[in-house]
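[1] Need coordinates for the following:
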Amino acid sequence: MIRLMKLAAASLFAFATTAVADDRCVIDKTVPKPGLTVAAPACHRPSKSLERPLVAEITKEFHATQDGGKARVVFPCDGLGKQIDEIILETGSGHGGSLSLFRARRNGTSYDVRGIAYRGSSMMSKAANPPFERVAGSVTLDLERLRAATTAEITEVFPPRKPDEFPGMSGTMSSHDFHIVIRLVDSDGRVVERSFTGYESSSDQSKFLGLSVAREALSPITSLTSTKTAIDADDRALFTERFNASVQHFDEPFRWWVMERYVDIARFLGTPKVIAGLLTRMTVPKPGDRSRIDARRDALEALANITGWDARKGVTEDEAAKQYLARCR
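    Sure, this is the predicted structure:
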């Protein structure tokens, strides 16, 4: 009888500890916002005095892929109202260990900015601990230039050719891989978002040339220096929002380094709202897949920090990943 009582007590204790672990690993889902019901705004385009230098700046960087090819740059209605209340900027480079996340909110004629600037290890330096800095400040921006460059449509046009005429072809490719996301939100909640992640090349120039100019218009934000003030709830909210927006793109071509840096930051800024995204990193990586191996290791640490339950103790990373997948769902 005593032995049975001890076994029952042990079973009860095991059940209780499992329940605690499960309770701590609850996925805090983000509730989607309802769709907009406001009327479409009046068409907003840049003035001719702004349009001409923008076209010249973009076409100067454009590389023709066929003999006689030229850039055609047009500025459609951007779909936003008069006032831009919020600006999101993500920018980083595959070489150099950088990824910066910024949110700018309108405050009268200026914008209050907070940001998280990741500074991971690279060939030139070793990552700090934590591997990011907090950025904050107030800036004024050239919104007309920003809006026009963000929504510019760039295509290549060719001269008429004879049926038997075959033009010469050319192309450019660079080792410069970079990441840009620009998101503009007006006072009624309408959104315009454009992004590019990949290598600088002639094949993708229609996607990134306008964004590169738009990023220059945001240089007052990217030029802000770091602050020593402590991370707060708003910083975590910014990271959570951008992490969750990026999860669906983690496994796209050229996004592996962006994914790595997001998951690395999650070890320090992660909240229950990012658990679902971290679970996407729990699959068993192929041998030698350094990126996925490192990302899963960082994701395991992030889950342990967020939940207070470290499934890694005494088991392999494969087993720990299985436990998080089983219990966090």
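[2] Which residue ranges of the protein form strands?
    For the chain, strands defined by DSSP state E occupy the ranges 70-74, 84-93, 98-107, 110-119, 132-139, 153-157, 173-186, 191-201, 226-227.
[3] now the angle from the fifth one to strand 98-107?
    Yep, that's strand 132-139 we're talking about. Strand 132-139 runs at 30 degrees relative to strand 98-107, counting by axes from the mean of the first three to the mean of the last three Cα atoms, to 10 degrees.
[4] Partner strands of strand 132-139, with direction?
    strand 110-119 (antiparallel), strand 226-227 (antiparallel) (DSSP bridges).
[5] Now find how far off-centre the shortest one is within its chain.
    Yep, that's strand 226-227 we're talking about. In terms of Cα atoms, centre = their mean, to the nearest Å, the centre of strand 226-227 is set 21 Å apart from its chain centre.
[6] Could you do stretch 180-196 as well?
    In this view, stretch 180-196 has its centroid 13 Å away from the chain centroid, taken as Cα atoms, centre = their mean.
[7] With stretch 149-161 instead?
    Stretch 149-161 has its average C-alpha position 27 Å from the chain's average C-alpha position, going by Cα atoms, centre = their mean.
[8] What are the buried residues along that stretch?
    149-152, 154, 156 (16 or more other Cβ atoms under 10 Å). From N, CA and C alone the C-beta is placed, and that goes for glycine too.
[9] Low-confidence stretches in the chain?
    Residue ranges of the chain with pLDDT under 70: 1-22, 35-37, 121-127.
[10] what sits against I84?
    I84 makes contacts with 106, 143, 147, 184-187, as judged by Cβ atoms under 8 Å, 6 or more residues apart in numbering.
[11] Throw the strands of the chain into JSON lines and include distance to P34, thanks.
    Compiled in JSON lines, the strands of the chain are given as follows (distance: least, Cβ to Cβ, whole Å):
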{"stretch": "strand 70-74", "distance to P34": "33"}
{"stretch": "strand 84-93", "distance to P34": "18"}
{"stretch": "strand 98-107", "distance to P34": "21"}
{"stretch": "strand 110-119", "distance to P34": "26"}
{"stretch": "strand 132-139", "distance to P34": "31"}
{"stretch": "strand 153-157", "distance to P34": "30"}
{"stretch": "strand 173-186", "distance to P34": "15"}
{"stretch": "strand 191-201", "distance to P34": "14"}
{"stretch": "strand 226-227", "distance to P34": "35"}
